[in-house]
Every structure is written in structure tokens, then in C-alpha cells.
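Chemist: Sequence first, then the predicted structure:
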Amino acid sequence: MLNGISDVRAFFHTNAVPLYFISPTPFNLLGIDRWVRNFFYLTYFDSFEGAHPRVSVPQRRDRRGFGCMEDVCNHLLRDPETLEFLARRGPGGKACFVMFDEETQALAHRAGLEVMHPSAALRHHLDSKIVMTRLAEEVGVSSVPNTIGRVGSYDELTALAQSAGLGDDLVVEAPYGDSGNETFFVRGQRDWDHCAGDLVAQELKVMKRIRNVEVCLEGVLTRHGTVVGPAMTSLVGYPELTPYQGGWCGNDIWRGVLPREQTHAAREMVRKLGDGLRRKGYCGYFEVDLLHDLDSGELYLGELNPRVSGVSPMTNLTTEAYADMPLFLFHLLEYMDVEYELDIEEINSRWERGYGEDEVWAQLMIRETSPDLERLTATPRTGVWHLDDDGRISFARWGNDWDSLIDESEAFYMRVAEPGDYRCQGAELGVLVTRGRLQTDDYQLTERCRRWTEGIKAQFATTPLAADDAATPIVSRLVARA
């Protein structure tokens with residue numbers, strides 16, 4: 001029996017069970033290996049060029065295209081080098097993922113791995129924005145005024161919206177979609193024509209459009225209650241970073257995200273959603289997007305992602321500073337075949353008070369915004385970069401995560417795209433983590449953010465595609481997954 005945080009920390013520091021994070025890149029759980037012995041990252045993209053001791057990348061990669069993160073995980077679990085890596089570490093291993101499907105589960109079991117998540121079927125069911133809106137209503141968590149239904153034309157959409165009193169300035173969401181790519185803003189026939197192909201023949205969530213900022217919190221549903229992480233704001237739709245109007249492209253995390261009373265209300269909403277997930281048989285890590293109405297001050301559910309997410313690095317980085325442990329370790333506890341006792345209410349109370357006024361961090365997801373299709377010939381290295389007083393960036397030193405960052409003049413960049421890859425609209429180029437905020441109080445990019453973005457993008461070089469490259473599948477949108 002483990003009693004208290006100190007016992008749990010000691011347990012993970014002496015862990016003998018091989019634990020694996022299997023994903024296109026290690027970014028979502030980067031740094032967890034510093035807390036958990038025998039924790040490894042099995043990835044496809046070679047972000048560290050063989051220099052990270054806990055990252056394993058197959059040497060024989062055919063540079064094929066993938067349609068989703070699940071495809072990458074399934075490819076890795078069939079790969080002979082990956083299977084050999086698992087075999088060398090012996091039986092009894094356990095695996096965690098950002099995204100996986102039924103095939104991933106079967107391949108993991110065939111490789112002798114226990115999957116440290118609820119079933120893919122349950123996660124897929126709960127990942128639906130329609131299902132989660134209804135579940136939130138059941139537990140008393142409000143959504144933006146909305147209605148749910150199917151429409152086949154703009155006239156039918158307006159009729160559905162008018163029946164619920166939503167007006168004609170609408171936000172329309174398909175049941176499934178990440179990083180804002182299935183969120184559409186519709187105010188007129190022209191907007192509808194642009195997105196109709198993505199929406200017709202599906203059950204849709206149609207919302208009144210409000211002036212809001214997105215606030216993200218993560219939680220872990222444990223046997224003793226729901227542990228709730230810190231709040232952060234999202235960077236959404238900036239054309240320098242993403243081609244998608246509602247696309248998520250980063251986060252700022254600091255104590256002033258919400259006033260104290262609303263911070264408590266937001267955490268209570270996450271706790272209630274945890275209660276709703278428990279009723280459905282769910283256990284473990286989840287992420288909640290709340291919408292803070294800047295006019296009324298109300299908090300609404302945006303969506304819930306039943307998984308590790310793109311904001312997990314920020315959560316785990318900050319909860320380290322709470323003198324406890326990263327939030328993800330509470331998830332691992334539920335799957336480690338050990339009995340433990342923790343006072344979750346006391347942990348939540350302490351975390352709500354917060355630690356470290358200077359614990360201000362930000363991250364950027366840097367995607368290609370140009371519609372051109374080219375092949376990359378040079379990309380920036382993974383490591384710590386420096387921004388000088390004149391706005392120029394330069395490579396400072398190698399690093400395998402952000403632990404050594406000194407101040408706001410430094411950032412950790414982890415490459416995703418590498419020489420030989422394709423540069424196409426929407427594809428992830430890399431991710432950047434730095435101290436300090438990258439978004440102003442009135443929700444504009446800071447000058448420092450613009451300099452980092454421009455500086456990193458200037459490190460890429462490309463060449464036009466050869467004629468026989470035109471039909472090659474494109475690797476795109478496979479990282480972080482918010």
C-alpha cells in the first residue's frame with residue numbers, strides 16, 4: 001500500500017515495469033521519463049536524431065504517408081525493430097497512447113503489452129462532441145446555447161438555429177475532429193457553401209457564436225476522485241501558425257488565466273465531468289476545453305477529449321512545480337497494479353491555491369500555412385534556441401526537453417518535419433516551449449511570439465517536387481492532437 005505523494009514518487013523512481021509511450025513523436029509526454037524509471041518513447045518521427053536515451057525510432061522507415069495518429073501507432077507495433085526493442089526489455093510491459101483504435105489494442109496485446117487506457121470503443125464514443133454535450137448537461141455543466149440536429153442545406157441550418165433562438169451568426173461542429181479543423185463559423189450562404197461537404201449527413205452541434213477565449217484544464221479520474229490540473233488559455237486561429245480559422249496552435253499557462261472565483265468554478269466543472277465519465281466506465285486522463293464568454297463572464301463547456309492531449313506538456317510541466325508530481329503519474333497509478341491512498345480533495349485544494357508566481361510557460365504548435373507543396377531540404381534542430389535583443393534566433397545548445405530553459409530569451413524547439421519530408425498546408429513543422437506568455441491580455445500574439453515564429457520558419461529550406469512526387473501521400477496533422 002502506497003500512502004501519500006512521497007510513497008508514490010518513490011514507487012515510480014524505482015519502477016521495474018517497462019512502460020512505453022507509443023506515438024508519432026514523444027512531445028505529449030516529454031519529460032515524464034525524468035520521473036518514472038523504465039519509461040520509454042517509441043516514435044516514428046526522428047525528432048532527436050538518436051540523441052535521446054529514452055527515445056527509440058526505427059532505422060528502417062519507408063517514409064510512407066499516414067492518415068492519422070492511429071495509423072502511425074499500428075505501423076510501429078508491426079515494425080520488427082520496435083518489436084525487438086520490446087522483447088529486449090522483457091515481458092509485462094505496459095503502453096500508453098494519445099490516439100489508438102481497436103487494431104492498435106490487438107497489436108499491443110499481440111506484442112505482450114497491456115494498454116493503460118479505457119477501451120478504444122469507449123474513448124471513441126465519449127470523444128463525440130454530441131455525446132459529451134449531453135453528458136455535460138446530465139451533470140450540470142452548461143454549454144454555449146446550442147441545438148443538435150441534421151441539416152442538408154443552409155436554409156435547414158437557419159431553421160434549426162432559429163428554432164433554438166440562436167440567431168444567424170453560428171458556430172457549427174461535426175461530432176469528431178481535433179485542433180479546430182471540424183469547427184466552422186457560418187454567417188450566410190457563402191460560409192455554408194464552403195463547409196457543407198464536411199457537415200451534410202452528420203448530426204451536428206449548432207451554437208450561438210459568442211466572443212470568448214478558450215480555457216483548458218486537464219484532469220485524471222482516479223479511484224479516489226478526480227485530480228484537476230491548472231488552467232491555461234489557448235492560442236486559436238492565428239494565421240501565422242495555422243491555416244484553420246478555429247485551429248488550436250498553442251497555450252499560455254499562468255496564475256491569472258481566470259479570476260479566483262472563476263478558477264474555482266472551472267475546476268468544479270472538470271470535477272463534475274469526471275463524475276459523468278465515471279458513470280460511463282471511464283478511468284484516467286482527460287482534457288476539457290471551456291469557453292469563457294468575454295461579454296457575460298460565463299463559463300461554458302467547449303469540448304472534452306478523453307485522452308492525453310496537446311496541452312498535456314503544459315499541465316505536466318506546471319504540476320511539477322507544485323512539489324508533488326506531474327498529473328500524468330496519477331493516470332499511471334490506475335494501471336500499475338498497486339494499491340494506494342491519496343487525499344485527492346487536499347491535493348486539489350493545494351493545487352487550486354497554486355505555487356510559483358513565476359511559473360509562466362507557453363507552447364506553440366507551428367504548422368505550415370502555405371498551400372504550396374514542396375520537399376524540405378533543411379530543418380531546424382531539436383534543442384534550446386536563443387532569441388537576441390534584435391529579434392534574431394540562433395541554436396544555443398542540445399537539449400532533450402525544456403528543463404534547462406533559463407528565461408524568456410530561450411525556447412526549446414522539438415522538430416517534427418525533417419529533411420526529405422513534405423511541406424504542405426496543415427502539416428506540423430515543430431513545437432516550441434518557452435517561459436513567459438506568448439499572447440497579450442487582449443488576445444493578440446506578442447512581439448516575442450512573432451519573432452520566435454518567424455525565426456523558426458526561416459530555418460527551413462525547400463525544393464520544388466519532382467514530377468513523380470506529385471501523387472505521394474502527405475504526412476500531416478499527426479502531432480500533439482488537442
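Modeler: Structure received.

Chemist: Now do the same contact list for V139.
Modeler: K272, L273, D275, G276 (C-beta atoms under 8 Å, 6 or more residues apart in numbering). To be clear about C-beta, it is placed using only N, CA and C from the backbone, and glycine gets the same treatment.

Chemist: 6 Å - rerun?
Modeler: Applying C-beta atoms under 6 Å, 6 or more residues apart in numbering, we find V139 in contact with K272, D275, G276.

Chemist: so which of the residues you listed is the most crowded?
Modeler: Of all these, G276 has the most neighbours under the rule other C-beta atoms under 10 Å, reaching 21 neighbours.

Chemist: circling back: which of the contacts of V139 fall in helices?
Modeler: Among the contacts of V139, the residues falling in helices (DSSP state H) are K272, D275, G276.

Chemist: Serialize those to a markdown table and add fields for pLDDT and distance to L77.
Modeler: Shown next, in a markdown table, are the ones in helices among the contacts of V139 (pLDDT from 0 to 100; distance: C-beta to C-beta, whole Å):
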| residue | pLDDT | distance to L77 |
| --- | --- | --- |
| K272 | 98 | 36 |
| D275 | 96 | 34 |
| G276 | 97 | 32 |
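
Chemist: just curious, which of the residues you listed is nearest to L342?
Modeler: Each of those was scored against L342 by C-beta to C-beta, and D275 proved nearest at 17.6 Å.

Chemist: Quickly name whichever of the ones in helices among the contacts of V139 is closest to Y44.
Modeler: Closest to Y44, out of all of the ones in helices among the contacts of V139 and judged by C-beta to C-beta, is G276, at 34.4 Å.

Chemist: Can you pull the phi/psi pair for the residue lying closest to that closest one once chain neighbours are set aside?
Modeler: Spatially, and ignoring its direct neighbours in sequence, G276 is nearest to V139 (4.2 Å; C-beta to C-beta, 6 or more residues apart in numbering). For V139, the backbone dihedrals (degrees, to the nearest 10) come out as phi -100, psi 10.

Chemist: where's V139 relative to T104, distance?
Modeler: Noted for V139: a distance of 30 Å to T104, by C-beta to C-beta, to the nearest Å.

Chemist: Ok, Y20 next?
Modeler: 12 Å.

Chemist: With V257 instead?
Modeler: V257 is 34 Å from T104, by C-beta to C-beta.

Chemist: More neighbours: which of the two?
Modeler: Comparing V257 with T104 by other C-beta under 10 Å, the one with more neighbours is T104, at 23 against 20.

Chemist: does that one belong to a helix or a strand, and which?
Modeler: Taking DSSP states H and E as the definition, T104 sits inside helix 102-110.

Chemist: Report all helices and strands that that helix contacts.
Modeler: The elements that helix 102-110 packs onto, with contact taken as 3 or more C-beta pairs under 6 Å, 6 or more residues apart in numbering; DSSP states H and E, are helix 69-78.

Chemist: how about whatever helix or strand comes next after the helix it packs on as PDB, C-alpha atoms only?
Modeler: Moving toward the C-terminus from helix 69-78, the next helix or strand (DSSP H and E) is helix 80-88. Output in PDB follows, covering the C-alpha atoms of helix 80-88 (Å, rounded to 0.1, in the frame of the first residue of the first chain):
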ATOM      1  CA  PRO A  80      10.400  -5.600 -36.500                       C
ATOM      2  CA  GLU A  81      12.700  -3.100 -34.800                       C
ATOM      3  CA  THR A  82      10.100  -1.900 -32.400                       C
ATOM      4  CA  LEU A  83       9.100  -5.400 -31.600                       C
ATOM      5  CA  GLU A  84      12.700  -6.300 -31.000                       C
ATOM      6  CA  PHE A  85      13.100  -3.300 -28.700                       C
ATOM      7  CA  LEU A  86      10.100  -4.500 -26.700                       C
ATOM      8  CA  ALA A  87      11.300  -8.100 -26.500                       C
ATOM      9  CA  ARG A  88      14.800  -7.000 -25.100                       C
END
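
Chemist: State the mean pLDDT of helix 80-88.
Modeler: Averaged over helix 80-88, pLDDT sits at 97.

Chemist: And the strands in the stretch 1-150 of the chain?
Modeler: Here the stretch 1-150 of the chain has its strands, by DSSP state E, counting those that start in this stretch, at 2-3, 19-22, 39-42, 55-56, 94-96, 114-115, 146-149.

Chemist: Quick check: which of those is nearest to F85?
Modeler: strand 55-56 (5.0 Å).

Chemist: Give the partner strands of that closest one in its sheet and their orientations.
Modeler: strand 39-42 (parallel) (DSSP bridges).

Chemist: Can I get the partner strand in PDB, CA atoms only?
Modeler: Extracted C-alpha coordinates of strand 39-42, given in PDB (Å, rounded to 0.1, in the frame of the first residue of the first chain):
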ATOM      1  CA  PHE A  39       9.700   4.800 -19.200                       C
ATOM      2  CA  PHE A  40      10.400   4.800 -23.000                       C
ATOM      3  CA  TYR A  41       9.100   6.600 -26.100                       C
ATOM      4  CA  LEU A  42       8.600   4.600 -29.200                       C
END
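
Chemist: For that strand, what does the pLDDT average out to?
Modeler: Per-residue pLDDT over strand 39-42 has a mean of 98.

Chemist: any idea how far it is from the chain center?
Modeler: 18 Å (C-alpha atoms, centre = their mean, to the nearest Å).

Chemist: what does stretch 399-417 give?
Modeler: 18 Å.

Chemist: same check, this time on stretch 375-394
Modeler: 23 Å.

Chemist: can you check stretch 332-352 too?
Modeler: For stretch 332-352, the distance to the chain centre is 22 Å (C-alpha atoms, centre = their mean).

Chemist: Endpoints of that stretch, how far apart?
Modeler: 22 Å (C-alpha to C-alpha, to the nearest Å).

Chemist: all strands in the stretch 151-300 of the chain, in order from the N-terminus.
Modeler: In the stretch 151-300 of the chain, the strands defined using DSSP E, counting those that start in this stretch lie at 170-173, 183-186, 204-208, 212-222, 225-228, 232-236, 248-253, 284-293, 299-305.

Chemist: strand partners of the third one, parallel vs antiparallel please.
Modeler: Just to be clear, that refers to strand 204-208. Using DSSP bridges, the strands paired with strand 204-208 are strand 146-149 (antiparallel), strand 170-173 (antiparallel).

Chemist: Nearest residue to Q59 in space, please, no chain neighbours.
Modeler: Closest to Q59 by C-beta to C-beta, 6+ apart is E81, at 6.4 Å.

Chemist: Touching, that neighbour and R61? I think so.
Modeler: No - using C-beta atoms under 6 Å, E81 is not in contact with R61; the gap is 9.4 Å.

Chemist: What separation do you get for the most centrally placed residue in the chain and Y244?
Modeler: The residue lying closest to the centre of the chain (C-alpha atoms, centre = their mean) is G310, at 1.3 Å. Between G310 and Y244 the distance is 14 Å, computed by C-beta to C-beta.

Chemist: Ok, N146 next?
Modeler: Distance, N146 to Y244, by C-beta to C-beta: 21 Å.

Chemist: With R267 instead?
Modeler: Taken as C-beta to C-beta, the span from R267 to Y244 is 29 Å.
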